[in-house]
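Engineer: need a structure here:
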Amino acid sequence: MSNQFETQLNELQADMVSVCMEYCNQHCDEVFIHIIYENNGTFANFFFRIDGQMRMKSRLSDDGKIVAISRQKKALSVILNDAKEMRKIYKSNDHPVPTELKLVYNYRTGQFKADYRYDVVVSDTKTDHSVSEAWFKQLAERD
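Structural biologist: Model prediction:
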């Protein structure tokens, strides 16, 4: 991979993490960003580990309050735009576009991990949303 290619991808991934950190007011253990590129579309989701518990973007605490839909949409819009830009960078640099990206940022250690998948993720029985929910559940089971 070229240095410029990697730099462009890293900048977009860092922007996604930054948006998520702002979203949770820097109050999390880890940020999880899920991107799926299939069927000529782009799906994105994000969630957190806060005080050792997995949290969906709609509920950051146990107090019953739901994060405003407008706030969720605003953050998701930025992440989707960054994800679409990443797809363009892959294509313009003649690199295969992954079908799935799982990005994990550990706020406490500053470590960032990116897992890429290139095989089919979505099927007749699995939607992009159900795949993302399954990852969330898998992470929650580790708690």
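Engineer: hey, which helix is longest across this structure?
Structural biologist: If you go by DSSP state H, the chain has its longest helix at helix 69-92.
Engineer: elements contacting that one?
Structural biologist: helix 3-23, strand 30-38, strand 41-50 (3 or more CB pairs under 8 Å, 6 or more residues apart in numbering; DSSP states H and E). Any C-beta I mention is one placed from the backbone N, CA and C, and that applies to glycine too.
Engineer: deepest-packed of these, please.
Structural biologist: Mean neighbour count (mean count of other CB atoms under 10 Å) peaks for strand 30-38 among the helices and strands packed on helix 69-92, with a mean of 22.
Engineer: okay, the angle between it and helix 69-92?
Structural biologist: With axes from the mean of the first three to the mean of the last three CA atoms, to 10 degrees defining the directions, strand 30-38 sits at 60 degrees from helix 69-92.
Engineer: R87 is in contact with T42, isn't it?
Structural biologist: Yes - assessed by CB atoms under 8 Å, R87 is found in contact with T42 at 6.5 Å.
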